[in-house]
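Q: only geometry, no sequence info:
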């Protein structure tokens with residue numbers, strides 16, 4: 001089992017920045033990659049960004065490229081999402097997730113709410 005706890009969500013003005021954190025605990029040795037997803041009301045959950053645990057390779061959704069940066073601190077078992085130039089359409093609940101190698105995301109956090117006001 002892997003436990004994931006997100007933090008850092010809050011209300012921020014458009015154009016502002018925010019950093020989300022996700023702390024992993026439990027059987028973290030089985031984690032191959034971690035990612036951030038988000039879900040706005042009435043919208044399906046969407047992928048935001050992913051980072052591999054060992055090599056640090058990253059991938060991003062087109063909607064956040066150039067604005068968001070995902071990173072990890074292996075020593076702290078923590079993944080971060082630095083969000084810059086925030087837009088009202090970034091408003092959503094943000095979820096952290098982890099997956100083993102060549103598998104789907106199977107562990108999820110409880111989410112943290114990000115609200116961007118115009």
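A: Looks like it arrived, so ask away. None of these values were measured; they are calculated from a predicted model.
Q: So in terms of bridging, what pairs with residue 35?
A: residue 50, residue 97 (DSSP bridges).
Q: Give me the pLDDT for residue 71.
A: Listed pLDDT for residue 71 reads 96.
Q: How about the contacts made by it?
A: Taking CB atoms under 8 Å, 6 or more residues apart in numbering as the criterion, residue 71 is in contact with 51, 56, 79-80, 82. Heads up, the C-betas are built off the backbone N, CA and C, glycines and all.
Q: Most neighbours out of these, which is it?
A: residue 79 (29 neighbours; other CB atoms under 10 Å).
Q: and the nearest residue to residue 15 once chain neighbours are set aside, how far is that from residue 34?
A: Closest residue in space to residue 15, ignoring its immediate chain neighbours: residue 85 at 6.3 Å, by CB to CB, 6 or more residues apart in numbering. Look at residue 85 and residue 34: by CB to CB, to the nearest Å, they are 23 Å apart.
Q: the more surrounded of these two?
A: Per other CB under 10 Å, whichever of residue 85 and residue 34 has more neighbours is residue 34, with 26 against 13.
Q: my guess is the more buried one contacts residue 22, does it?
A: Yes - with contact defined as CB atoms under 8 Å, residue 34 counts as touching residue 22 (6.8 Å).
Q: so what sits against both of these two?
A: Counting by CB under 8 Å, 6+ apart, the contacts common to residue 34 and residue 22 are 79, 96.
Q: follow-up on the earlier one: mind picking the lowest-pLDDT entry from the contacts of residue 71?
A: Scoring those by pLDDT puts residue 56 last, at 85.
Q: what's near enough to touch the nearest residue to it once chain neighbours are set aside?
A: In this structure, residue 56 finds its nearest non-sequential neighbour in residue 72, 6.6 Å apart by CB to CB, 6+ apart. Contact partners of residue 72, counting by CB under 8 Å, 6+ apart, are 34, 51, 53, 56, 78-80.
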